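K.L.:
Predicted coordinates and the sequence they were generated for:
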Amino acid sequence: MRRFVAAIDQGTTSSRCIVFDRQGRIVGTAQREHEQIFPRPGWVEHDPRTLWRNTEFVLGAALGNGGISAGELAAIGITNQRETTVVWDRHTGEPVYNAIVWQDTRTDALCAELAGTEGPGRYAERTGLPLSTYFAGPKLRWILDNVEGARARAEAGDLCFGTVDSWVLWNLTGVHCTDVTNASRTMLMDLRTLQWDPEICADFRIPMSLLPRIRSSSEVYAEITSGPFAGAPVAGILGDQQAATFGQACLSPGEAKNTYGTGNFMLLNTGETPVFSKHGLLTTACYRLGDRPAVYALEGSIAVTGSLVQWLRDNLGIIGSAAEVEPLARSVDDNGGAYFVPAFSGLFAPRWRPDARGVIAGLTRFVTKAHLARAALESTAFQTREVVEAMRADAAAQNLDLSLTTLKVDGGMTANSLLMQFQADVLDVPVVRPVVSETTALGAAYAAGLAVGYWESTDDIRANWSAERTWHPDMPAPRRAHLLAEWDKAVARTYDWV
């Protein structure tokens, strides 16, 4: 009996698999971290073979931990770290180079070259994206230009490119495709046609034979070809932030969610028409169900939030584990006048300053490691406030109704009550965490389950969503205004560093 749906969540720091029942409850889970590879300053890589091995392991382990057999799976969905770029041999499956991670900044000069006299917005009206090191297209071009023999093999039709969803799907099924949400993060897809743009590919000098077929986010792509899961259909693909939006039931225009993970990502559903930002946000495909029209979103992407806590642990040794950051930060009443701007990979939305680098501003002899821990957490909330303000400005310009009365949140950092309260305070709106906080995996499971009829419609998704905890704002307006002004001064100090 097909009683469950599994979701593979291949993320920036780990691979996970979570198995859900019809009510969206977790019945089995497994997780395995992988190495972060830093060959040079600004370079971030993963070993694609390790990503696949870990994915294969957690799929089996999640079923085992839940006492579930493969025959009980109605479908499998995939969600993934977006923009991270893999190129592999079409015949052997061997990667030609490490996966270049979305945080990687090595393509900065290439992006400036591609922008030319038209500037970073050269392709924005077609792709919804500024030319930035963030996206997959420039990373693919770098591999073709810098890995020995890669361009010749690509032009001969011997190589495949994909974001991580394509890499996982290819290893599971042998099928080379992606969905509209991941394709929209490459800078190579036209948002209106939902197809690869031949002119942009030519400008990037990317042979189109490399590219996967673009399909919807919810359909049966293929069945797993071998092993213990043979015959199980892979039926849903969503980039991780779109998956979280779907899992949070943000299914109507004007509904928004914020995911607190390695970075922070806020998405606002704008309906079936792409809205092009004038205030530093990205326009992206949100999801497409089967042959229905695509739904679009405005997105604010913040590069460093949860990974800043890792940095405090691994690079500075201020904490021994991520769980220690909240009690340490709670041991002081405020940030002691210190502001931490983690522009390790430049600044993403809404400022888009690749020249920025991280700073800690306002230091005095009074400041302790507890103040730094608090400043690190507060930086996440301040950056989120900037994205919300940009969304409000874009919505007003487009005559969209975005009166943000609550913010739905998910991701690992939502377990930090100090951060969530401060987020409510600086936004001046309630912050709501759902019962099932693993909304990224849940969204991928929903996409897969809808494709095979496990869930009948998106009404089932809405019915499954419920709030677990709400934080209400409790900060005087003058205090909020002071903190935001000081934060803005600190951010200005990061500019023009490189």
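P.N.:
Happy to help now that I have it. Because the structure is predicted, anything quoted here is derived from the model rather than measured.

K.L.:
Please look at residue 134 and residue 301 and confirm they touch.
P.N.:
Yes. Between residue 134 and residue 301 a contact is recorded at 7.0 Å, counting by C-beta atoms under 8 Å. C-beta here means a position set from N, CA and C on the backbone, and glycine is covered the same way.

K.L.:
list residues touching both of these two?
P.N.:
residue 348 (C-beta atoms under 8 Å, 6 or more residues apart in numbering).

K.L.:
Comparing these two, which residue is more hemmed in?
P.N.:
Shown here are residue 134 and residue 301; by other C-beta atoms under 10 Å, residue 134 has more neighbours (28 against 24).

K.L.:
What residues does that one make contact with?
P.N.:
By C-beta under 8 Å, 6+ apart, the contact set of residue 134 is 83, 102, 301, 303, 348.

K.L.:
Kindly report the same for residue 322.
P.N.:
When contacts are counted by C-beta under 8 Å, 6+ apart, residue 322 touches 306, 309-310, 313, 412.

K.L.:
which of the residues in stretch 316-332 are buried?
P.N.:
Using 16 or more other C-beta atoms under 10 Å as the test for burial, stretch 316-332 gives 318-319, 322, 325-326, 328-329, 332.

K.L.:
Same question for stretch 204-213.
P.N.:
204, 206-207, 210-212.

K.L.:
Hmm, residue 25 and residue 66 touching each other?
P.N.:
No. Judged on C-beta under 8 Å, residue 66 makes no contact with residue 25 at a distance of 10.9 Å.

K.L.:
okay, the two: which has more neighbours?
P.N.:
Ranked by neighbour count (other C-beta under 10 Å), residue 66 and residue 25 place residue 66 first, with 21 against 12.

K.L.:
In three-state terms, how would the nearest residue to the more buried one once chain neighbours are set aside be classified?
P.N.:
Spatially, and ignoring its direct neighbours in sequence, residue 66 is nearest to residue 28 (2.2 Å; C-beta to C-beta, 6 or more residues apart in numbering). With DSSP: H, G, I helix; E, B strand; the rest coil as the basis, residue 28 sits in strand.

K.L.:
and if you look at the one 4 residues further on?
P.N.:
Reducing the assignment to helix, strand or coil with three-state DSSP, the entry for residue 32 is strand.

K.L.:
so what does whichever strand or helix holds residue 74 touch, helix or strand wise?
P.N.:
Residue 74 belongs to strand 73-80 when assigned by DSSP states H and E. Strand 73-80 sits against strand 4-10, helix 164-173, strand 233-239, helix 240-247, helix 439-451, with contacts defined as 3 or more C-beta pairs under 8 Å, 6 or more residues apart in numbering; DSSP states H and E.

K.L.:
Just send those back as a markdown table, with mean pLDDT too.
P.N.:
Putting the helices and strands packed on strand 73-80 into a markdown table (pLDDT from 0 to 100) gives the following:
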| stretch | mean pLDDT |
| --- | --- |
| strand 4-10 | 94 |
| helix 164-173 | 96 |
| strand 233-239 | 96 |
| helix 240-247 | 93 |
| helix 439-451 | 95 |
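
K.L.:
quick one: which of the ones you listed is nearest residue 338?
P.N.:
The closest of those to residue 338 is helix 240-247. By C-beta to C-beta, the value is 29.8 Å.

K.L.:
List the buried residues in the closest one.
P.N.:
By neighbour count with 16+ other C-beta under 10 Å, helix 240-247 contains the buried residues 240-247.

K.L.:
Reformat those as JSON lines; add distance to residue 126.
P.N.:
What follows is the buried residues of helix 240-247, written out as JSON lines (distance: C-beta to C-beta, whole Å):
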{"residue": "240", "distance to residue 126": "24"}
{"residue": "241", "distance to residue 126": "21"}
{"residue": "242", "distance to residue 126": "19"}
{"residue": "243", "distance to residue 126": "24"}
{"residue": "244", "distance to residue 126": "26"}
{"residue": "245", "distance to residue 126": "23"}
{"residue": "246", "distance to residue 126": "25"}
{"residue": "247", "distance to residue 126": "29"}
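
K.L.:
between those residues, which is nearest residue 178?
P.N.:
Using C-beta to C-beta, residue 242 comes nearest to residue 178 of the buried residues of helix 240-247, at 12.4 Å.

K.L.:
what sits against the closest residue in space to the closest one that isn't next to it in sequence?
P.N.:
Distances taken as C-beta to C-beta, 6+ apart put residue 181 closest to residue 242, at 4.2 Å, once the chain neighbours are dropped. Taking C-beta under 8 Å, 6+ apart, we find residue 181 in contact with 82, 217, 237-239, 242, 284-288.

K.L.:
Low-confidence bits of this protein, can you list those?
P.N.:
Scanning the chain for pLDDT under 70 picks out 1, 401-403.

K.L.:
Looking at it, which helix is longest?
P.N.:
helix 369-397 (DSSP state H).

K.L.:
what residues does the helix or strand following that one touch?
P.N.:
Sequence order places strand 407-410 as the next helix or strand after helix 369-397, per DSSP H and E. Contact partners of strand 407-410, identified using C-beta under 8 Å, 6+ apart, comprise 244, 247-248, 250, 255-260, 388, 420, 423, 427, 429-434, 437-440.

K.L.:
Apply 10 Å and report the result again.
P.N.:
244-245, 247-250, 255-261, 264, 266, 384, 388, 419-420, 423-424, 427, 429-434, 436-440, 442-443, 465, 467, 469, 471 (C-beta atoms under 10 Å, 6 or more residues apart in numbering).

K.L.:
Give me the buried entries from these.
P.N.:
Buried by 16+ other C-beta under 10 Å: 244-245, 247-250, 255-261, 264, 266, 384, 388, 419-420, 423-424, 427, 429, 431-434, 436-440, 442-443, 465, 471, out of the contacts of strand 407-410.

K.L.:
Which parts of the stretch 251-400 of the chain are helices?
P.N.:
306-311, 325-330, 369-397 (DSSP state H, counting those that start in this stretch).

K.L.:
Contacts for the second one next, please.
P.N.:
Counting by C-beta under 10 Å, 6+ apart, the neighbours of helix 325-330 from elsewhere in the structure are 308-310, 312-313, 318-319, 335, 368-378, 413, 415-419, 422.
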